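Novice: Need a 3D model of the sequence below.
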Amino acid sequence: MEKQIFAGLSTQERLIISHFTALEQSTINADKLIEFHHCKRATANQILRRLKRKGWLQRLKYGAYAIVPLSATTSAPAIENAWALAMDVFKPAYISGWSAAEHWDLTEQIFNTVSV
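Specialist: Next up is the predicted model:
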C-alpha cells in the first residue's frame with residue numbers, strides 16, 4: 001500500500017476543509033467554495049487545485065472534488081457513501097438498475113458498482 005504524505009494547510013485552507021467536513025458535503029466545487037468563501041471563481045479554482053496537489057482533495061471529475069478523510073492513508077481512498085457522491089457528481093440523476101434493486105432488497109446479490 002502506498003503511503004501518502006499530506007502537506008500542511010494554511011489557516012484559510014484549514015477553515016475551508018473543516019467547514020465542508022462539518023457539513024458532511026460529498027463533493028466540493030468552485031460554486032460551493034465561492035458561496036462559503038466569497039471569492040472570485042479564479043481564486044476558488046486555485047484553492048481547489050492547491051488542496052488537490054497537497055493531497056487533501058480527490059478529483060472526481062472536472063471541477064468536482066471529494067475531501068480526503070483524515071483517517072485515510074492514501075490520497076485516493078475508497079468512497080464511503082457512493083450513492084450521495086454519485087447524486088452530487090451527476091446531478092440531476094437517480095440510482096437505477098441493479099443498484100436500486102439491491103437497495104430495495106429485490107436481489108441478494110452484492111454489486112461493486114453503482115448504476116446512475
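
Novice: Low-confidence ranges, the chain, go.
Specialist: Residue ranges of the chain with pLDDT under 70: 1-7, 72-79.

Novice: immediately after the helix ranked longest in it, which helix or strand?
Specialist: Counting residues, the longest helix found in the chain (DSSP state H) is helix 41-54. Moving toward the C-terminus from helix 41-54, the first helix or strand encountered (DSSP states H and E) is strand 57-61.

Novice: just the angle between that following strand and helix 41-54, please?
Specialist: Angle, strand 57-61 to helix 41-54, by axes from the mean of the first three to the mean of the last three C-alpha atoms, to 10 degrees: 110 degrees.

Novice: Can I get the longest helix of the chain in PDB, CA atoms only?
Specialist: Provided in PDB are the C-alpha atoms of helix 41-54 (Å, rounded to 0.1, in the frame of the first residue of the first chain):
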ATOM      1  CA  ARG A  41     -14.000  32.000  -9.500                       C
ATOM      2  CA  ALA A  42     -10.300  32.000 -10.400                       C
ATOM      3  CA  THR A  43      -9.300  32.200  -6.800                       C
ATOM      4  CA  ALA A  44     -11.800  29.300  -5.900                       C
ATOM      5  CA  ASN A  45     -10.300  27.100  -8.600                       C
ATOM      6  CA  GLN A  46      -6.800  27.900  -7.500                       C
ATOM      7  CA  ILE A  47      -7.700  27.000  -3.900                       C
ATOM      8  CA  LEU A  48      -9.200  23.700  -5.000                       C
ATOM      9  CA  ARG A  49      -6.200  22.800  -7.200                       C
ATOM     10  CA  ARG A  50      -3.800  23.600  -4.400                       C
ATOM     11  CA  LEU A  51      -5.800  21.400  -1.900                       C
ATOM     12  CA  LYS A  52      -5.700  18.600  -4.500                       C
ATOM     13  CA  ARG A  53      -2.000  19.000  -5.000                       C
ATOM     14  CA  LYS A  54      -1.400  18.900  -1.200                       C
END
